[in-house]
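Chemist: Predicted coordinates and the sequence they were generated for:
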Amino acid sequence: MKSNKHEKILQVAIEKLRESGYRVIRLDKRRTPDAIAVDFDDKKVVAIEASTNAVNYHFVRKRIGGQFDEDIIITDQYSDRYYSREAYFLALRLRKEGKIYAEIRDVIEEKFGKRPSNSTLHDWTTGEKAPPEVPRKHIR
């Protein structure tokens with residue numbers, strides 16, 4: 001039997017994914033995953049699993065070989081290491097304008113109050129990574 005905490009976590013995750021453009025389908029009769037998200041544009045199916053285990057990350061995407069293209073594990077443990085989608089898109093725009101990482105870092109710190117590392121900015125601008133709330137289709 002799933003807890004109320006598990007259900008709240010799952011509902012929030014489903015709403016966020018729907019806002020990001022995914023079509024989400026709950027799978028209440030199965031143990032895992034709790035839901036699947038379908039991205040019709042990229043022809044991708046993502047497994048969604050809510051977890052109340054404290055060792056999992058807040059909203060983590062992980063590549064797992066199997067029947068789904070991606071798996072997402074959601075917990076209520078907040079980590080301040082994540083950045084907003086606005087910070088991500090601002091970094092991309094500033095890099096496109098020719099700004100160096102130090103300048104981008106200063107602008108993001110001034111606007112959002114968090115100072116990303118050079119490696120984070122490099123990963124964003126080269127398309128290797130993005131904040132968890134950015135749909136995969138928007139990564140360069």
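Modeler: Sure, I can see it.
Chemist: And what about Ile48, helix, strand or coil?
Modeler: Look at Ile48: counting by DSSP: H, G, I helix; E, B strand; the rest coil, its state is strand.
Chemist: Kindly state the pLDDT recorded for it?
Modeler: pLDDT for Ile48: 77.
Chemist: Same check on Ala13?
Modeler: For Ala13, pLDDT reads 80.
Chemist: check contacts around Ser117.
Modeler: Arg105 (CB atoms under 8 Å, 6 or more residues apart in numbering). In short, each C-beta sits where N, CA and C put it, glycine included.
Chemist: Relative to Tyr88, how far out is it?
Modeler: As judged by CB to CB, to the nearest Å, Ser117 and Tyr88 stand 14 Å apart.
Chemist: mind checking how far Thr126 is from Glu97?
Modeler: Relative to Glu97, Thr126 is positioned 16 Å away (CB to CB).
Chemist: what are the ranges of the helices in this protein?
Modeler: Secondary structure of the chain, counting by DSSP state H: helices at 4-19, 85-96, 101-112, 118-126.
Chemist: May I see these organised as TSV, with mean neighbour count added?
Modeler: Below are the helices of the chain laid out as TSV (neighbours: other CB atoms under 10 Å):
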stretch	mean neighbour count
helix 4-19	15
helix 85-96	17
helix 101-112	15
helix 118-126	16
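Chemist: Adding distance to Phe68, write the ones you listed out as a markdown table.
Modeler: Listed next are the helices of the chain as a markdown table, based on distance: least, CB to CB, whole Å:
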| stretch | distance to Phe68 |
| --- | --- |
| helix 4-19 | 14 |
| helix 85-96 | 23 |
| helix 101-112 | 32 |
| helix 118-126 | 23 |
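Chemist: so which of the ones you listed gets nearest Glu133?
Modeler: helix 85-96 (5.3 Å; CB to CB).
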